[in-house]
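# Structure of the sequence below:
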Amino acid sequence: MTTQPRLFGADYSVYVRIARLCLTEKGIEHQLEPLDIFAEGGPPVEYLVRHPFGRIPAFEHGGFTLYETSAIVRYIDEAFEGPKLQPLDVMHRARCNQLISIADNYAYPELVWGVYVERVSKPDRGVPTDNEKLAAALSKARNCLAAMSDLMGNGPWFVGQELTLADLYIAPMFDYFLMTSEGTELIHQHGNLKEWWARIASRPSMAATKPS
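Numbers count the residues shown, from 1 in each chain. This next block holds a predicted model:
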């Protein structure tokens with residue numbers, strides 16, 4: 001299949017950006033088809049054929065369609081030429097998958113929705129911050145960062161010496177989280193995460209996929 005892959009979603013979405021980061025790191029040209037699921041009336045009915053749960057992103061490549069970001073990025077890594085983003089070593093591969101699961105289940109709800117949305121997004125829209133929700137999210141964010149820091153150890157990347165899907169999965173979540181003063185304060189408590197962020201934030205793929 002040589003057809004240029006297509007992503008459906010909004011560039012501000014963490015999960016759309018994760019998929020775009022993977023495509024960009026592998027040097028794969030792709031199309032982003034804009035779709036705002038938060039628009040009045042929700043996603044178009046025809047989109048629900050691509051994603052029956054009405055979430056983003058959805059993905060298409062040469063007639064093959066897929067949804068769920070973790071499945072999309074693994075497909076991208078395995079279907080296209082370019083740097084391998086999943087470790088070959090079985091233990092490193094398991095660690096990569098563990099970190100992706102941590103990002104999905106703990107980092108995204110707390111760092112993005114619990115901290116960034118409450119501290120930045122809501123005030124920008126004239127909506128007051130829910131301080132109880134923010135405090136609860138910060139408590140969980142501390143635990144999340146401590147766990148990720150511990151798993152990372154002293155390597156330059158989350159899984160050893162090479163960039164993997166784990167790094168690309170976590171980076172867009174940190175990008176939003178670190179727009180808050182609390183996020184900046186918390187990452188300073190973990191030297192390896194602070195150094196990792198400087199490393200990943202400077203990659204051309206991060207600039208190329210920056211939300212508009």
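# low pLDDT regions in this protein?
1-2 (pLDDT under 70).
# Show me how the record splits it into domains.
Split into domains by automatic domain parsing, the chain comes to 6-79, 90-206.
# Using TSV, please lay out the ones you listed together with distance to Ser212 and mean neighbour count.
(C-beta placed from N, C-alpha, C; glycine too.) TSV is the format used below for the domains of the chain (distance: least, CB to CB, whole Å; neighbours: other CB atoms under 10 Å):
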stretch	distance to Ser212	mean neighbour count
domain 6-79	6	17
domain 90-206	14	17
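# elements contacting the top helix by length along the chain?
Assignment by DSSP state H gives helix 131-152 as the longest helix of the chain. For helix 131-152, the elements it packs on are helix 90-102, helix 181-187, helix 191-201, judged by 3 or more CB pairs under 8 Å, 6 or more residues apart in numbering; DSSP states H and E.
# after the longest one comes which helix or strand?
If I follow you right, that is helix 90-102. Sequence-wise, the next helix or strand downstream of helix 90-102 (DSSP states H and E) is helix 122-124.
# contact partners of that following helix?
128-130 (CB atoms under 8 Å, 6 or more residues apart in numbering).
# same thing with stretch 46-65?
So stretch 46-65 is in contact with 1-3, 5-10, 13, 15-16, 19, 35, 37, 42-43, 66-67, 69, 72, 75, 79, going by CB under 8 Å, 6+ apart.
# ok, back up a step: for the helices and strands packed on helix 131-152, which one sits closest to Glu118?
Among the helices and strands packed on helix 131-152, the nearest to Glu118 by CB to CB is helix 181-187 (9.8 Å).
# Sticking with Leu48, tell me its helix or strand.
Counting by DSSP H and E, Leu48 is part of helix 47-50.
# so Phe8 is in which element?
Residue-wise, Phe8 maps onto strand 6-9 under DSSP H and E.
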